[in-house]
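>>> would you be able to build a 3D model of this:
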Amino acid sequence: MEFEPVIGLEVHAQLKTKTKIFCGCSTSFGAPPNTHVCPVCLGMPGVLPVLNKKVVEYAIRMAVATDCEIAHKSRFARKNYFYPDLPKGYQISQYEFPIAENGHIVIETDGDKKQIGITRIHMEEDAGKLSHDPHRPSSMVDFNRTGVPLIEIVSEPDLRAPEEAGAYLRKIHSLVCYLDICDGNMEEGSFRCDANISIRPKGTGSLGTRTELKNLNSFKHVENALRFEIDRQKDLIVDGGLVVQETRLWDPVKNVSTSMRGKEEAHDYRYFPDPDLLMLVTDDEWVDALKKTIPELPDEKKARFIDEYRLPSYDADLLTSSRELADFFEECLKEFPNAKQVSNWVMGTLLGLLNAEGKTVKQSPVSAVNLAGLLKLIDEGIISGKIAKTVFEEMAKSGKSPKEIVKEKGLVQVTDVSSIESVVSQVLARCSDEVEDYKKGKTKLLGFFVGQVMKESNGKANPKIVNEVLRSKLGG
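Next up, the predicted model:
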């Protein structure tokens, strides 16, 4: 029997507000435990929550970006459950009346586009954080994160493969970062997701029993966890077993999921309207004003890069994958307006350096202006492409401009024909056997000769002139 997976994702994005959703405590990361707390976020008797307006604005911005219907009236509810990191014994969230519903985004995998529905976007507060002692049966709780504002983006079960889930998650991540409502830091937990997965016989419309994979904090982990869970559920069914509805945890070291607890249903949480918070009303004037603040989003920017800069779809897709990378690219173009050459260096050399050092574009040791300056030197024939790689490495180490480095190290390209002819003559005299083979028809050896000349000149000889001189001396 052939099976197909049915996948839905619940993405939690921590909003970039300075204060928490219902109190004035700081949301900054990394403070000493239990220092960013107050009676409101600790759930002390007699205190009242006050909604942070900025949280609502950020939620609306995401709703606009995902083409959701924005509710004129929405309500906060209490989600009741007991866990040590939840000081009030309930979480303030939204249930029956969320801020936004019925949206969608478009993903692309292997060149195919697919629309994925978004069921709802709602606001809620985060819980605290537990630290478990590996040496004794005890845990410590830090309430700094309690009350930090989140939006939860819930997809329709429209995803049919782990790769589609990865593409969806990357698109949502890109959107919240473009909108500047979330920093997208997955290591710090600012962006994380739960995945719901079931399988069914291919071609049927019914849904199988689903399991939930909890708190996945990397694109790779999401895809790997889903692959494992699909295979696990297939094996269970083929062997005559039953899939149990449960919450499972993913172990990225062992590459396995393990059972955490039985999966709750909505009624288990005993949702009811929060009596301390009024109905939230959003009027059209406010929503329209917020729509005007939406920046150019990834799909629009990609289309513009293809149309305006004549870039291939692959280049445009990668360059617009983050707002910072797209901005870096366009800043380079202001100084050196050759889009394809800039694209090649940004995607290859720059991203190669950043990936090797584990840095983001914001942390790049090479500025856009300096990269453009380097490309100008190549274009003007002052340095060769090979020398440019050396200059780039030095720029990354020292932060100096390319002109400074070329001058200090004497890396100016040799364009004097007579000097190059002298080096070519030495190489051909040394490689007499290869010269004979070339003249017998092995013309691919031209590349070998070019390489020898460039090596002899320490990469300083102008490659175009080298080719011309070699062809002249070799007779063709």
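>>> how about the helices of the stretch 101-250 of the chain, start to end?
Using DSSP state H, counting those that start in this stretch, the helices of the stretch 101-250 of the chain run over 162-178, 219-238.
>>> okay if I get those as JSON lines plus distance to Leu207, mean pLDDT and mean neighbour count?
All C-beta atoms are positioned from the backbone trio N, CA, C, and that covers glycine. Output for the helices of the stretch 101-250 of the chain, formatted as JSON lines (distance: least, Cβ to Cβ, whole Å; pLDDT from 0 to 100; neighbours: other Cβ atoms under 10 Å):
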{"stretch": "helix 162-178", "distance to Leu207": "17", "mean pLDDT": "96", "mean neighbour count": "22"}
{"stretch": "helix 219-238", "distance to Leu207": "13", "mean pLDDT": "93", "mean neighbour count": "18"}
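>>> can I get these in TSV with distance to Phe448?
Shown next, in TSV, are the helices of the stretch 101-250 of the chain (distance: least, Cβ to Cβ, whole Å):
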stretch	distance to Phe448
helix 162-178	42
helix 219-238	41
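>>> of these, which is nearest Val361?
With Cβ to Cβ as the criterion, Val361 lies closest to helix 162-178 of the helices of the stretch 101-250 of the chain, at 11.3 Å.
>>> and that closest one, what does it pack onto?
strand 3-14, helix 53-65, strand 100-109, strand 112-125, strand 191-201, helix 219-238, helix 298-309 (3 or more Cβ pairs under 8 Å, 6 or more residues apart in numbering; DSSP states H and E).
>>> so where is the stretch 301-450 of the chain shaky, pLDDT-wise?
Applying pLDDT under 70 to the stretch 301-450 of the chain flags residues 413-416.
>>> 90 - rerun?
In the predicted model of the stretch 301-450 of the chain, residues 358, 378-387, 390, 399, 403-404, 406-450 satisfy pLDDT under 90.
>>> and the helices and strands packed on helix 162-178 as JSON lines, adding distance to Thr443?
JSON lines is the format used below for the helices and strands packed on helix 162-178 (distance: least, Cβ to Cβ, whole Å):
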{"stretch": "strand 3-14", "distance to Thr443": "53"}
{"stretch": "helix 53-65", "distance to Thr443": "56"}
{"stretch": "strand 100-109", "distance to Thr443": "42"}
{"stretch": "strand 112-125", "distance to Thr443": "42"}
{"stretch": "strand 191-201", "distance to Thr443": "55"}
{"stretch": "helix 219-238", "distance to Thr443": "46"}
{"stretch": "helix 298-309", "distance to Thr443": "36"}
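>>> returning to that earlier point: among the helices of the stretch 101-250 of the chain, which comes closest to Ile7?
Of all those, it is helix 162-178 that lies closest to Ile7, at 5.3 Å by Cβ to Cβ.
>>> which outside residues touch that closest one?
The contact list for helix 162-178, computed with Cβ atoms under 8 Å, 6 or more residues apart in numbering, reads 5, 7, 9, 11, 13, 62, 65-66, 105-110, 114, 116, 153, 155, 159, 182-184, 191, 193, 195, 219, 222-224, 226-227, 230, 295, 297-298, 321-323.
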